[in-house]
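[1] sequence first, predicted coordinates after that:
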Amino acid sequence: MNSIKKPVVIFGNMASASTSKYYLDNDSDHAVIGFTVDKENIISPKHEGLDVIPFENILNEYPPEEVSILFPVGYSTHDPRGTNVFRRNRYECIKSMGYEFINYISSKAIVASNVVIGDNVLIYEGAIIQPFVQIGSNVIIRSGSNIGHHCNIGNHTFIASEVTIGGKTNLDSEIFIGLNSTVSNSVNIASGSFIAANSFINQDTQVGSDYRGVPARRYE
């Protein structure tokens, strides 16, 4: 079996791209060789000392047989739900072009051996993922979060730092959970749910709805 890893191109040229390069450089065996971003969002031809190429040209510059991709775009404080939709669309576009995604799982995270993980998943330091958890693709789990046993984390979901999710909880797709929030056991978080920072969820949510407070209430 060939164990040689393809070099990595990171999508982005902002803080999330910088931190992802740092983690890959210092806590993985992946080599980052460049960045890509939509042409209209290029602010400099270099980022962290490496070339930034227009995403529109990626097939010519970095064909899928030569590189892997990490797509670490997190969220926008102005529109976190919209960012998850963007993350889904761009992930699906890159996938359809034939690229493979890598995962980054911090050496300082605790991940049970039977956890099932998709691709383009980032799990940061101090996160705890208990046994029998299933994590979809294009998921970010930030530092210090605790995912209880038998949870399902759906695709294109962003879990901020220090979030606690009780056991047997189901998260559908494109969910945003803000800093320091808690989700109780055996709850279903519906697709497109937005949970504000410091909230406590103790009941099922509705599709595409906002929740905040302790206990959390639904906002239109």
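    Ah, there it is. Note that the structure is predicted; figures quoted are calculated from it, not measured.
[2] quick check, pLDDT for residue 41.
    With respect to pLDDT, residue 41 has a value of 94.
[3] check contacts around it.
    Residues in contact with residue 41 (Cβ atoms under 8 Å, 6 or more residues apart in numbering) are residue 13. Bear in mind the C-beta positions are built from the backbone N, C-alpha and C, glycine included.
[4] tell me the domain boundaries of this structure?
    With domains defined by automatic domain parsing, the chain comprises 8-96, 104-211.
[5] lowest confidence element among the helices and strands of the protein?
    Least confident helix or strand, the chain: helix 80-96 with a mean of 89, by mean pLDDT, DSSP states H and E.
[6] okay, buried residues for that one please.
    Across helix 80-96, burial judged by 16 or more other Cβ atoms under 10 Å covers 80-81, 83-84, 87-88, 90-91, 94-95.
[7] do the same with stretch 95-105
    95, 99, 101-105.
[8] and stretch 121-133, by the same measure?
    Using 16+ other Cβ under 10 Å as the test for burial, stretch 121-133 gives 121-124, 126-130, 133.
[9] so which residues of this structure form helices?
    15-27, 58-61, 80-96 (DSSP state H).
[10] so where's this protein uncertain?
    1-3, 76-81, 220 (pLDDT under 70).
[11] report the central residue of it.
    Geometric centre of the chain, nearest residue: residue 140, 2.4 Å, by Cα atoms, centre = their mean.
[12] now that one, which residues is it bridged with?
    Beta bridges link residue 140 to residue 122, residue 158 when assigned by DSSP bridges.
[13] hmm, residue 54 is touching residue 39, no?
    Yes. Counting by Cβ atoms under 8 Å, residue 54 does reach residue 39; the two are 3.8 Å apart.
[14] any idea which of the domains of the chain is most buried?
    Neighbour counts (mean count of other Cβ atoms under 10 Å) averaged over each of the domains of the chain peak at domain 104-211, with a mean of 19.
[15] quick one on the thing from earlier: surely the residue nearest to the centre of the chain meets residue 163?
    No. When contacts are counted by Cβ under 8 Å, residue 140 is not listed as touching residue 163 (11.1 Å).
[16] how about the closest residue to residue 44 other than its chain neighbours, what does it touch?
    Leaving aside its chain neighbours, residue 44 sits nearest to residue 52 (6.7 Å; criterion: Cβ to Cβ, 6 or more residues apart in numbering). Residue 52 sits next to 13, 34-37, 42, 44-46 when contact means Cβ under 8 Å, 6+ apart.
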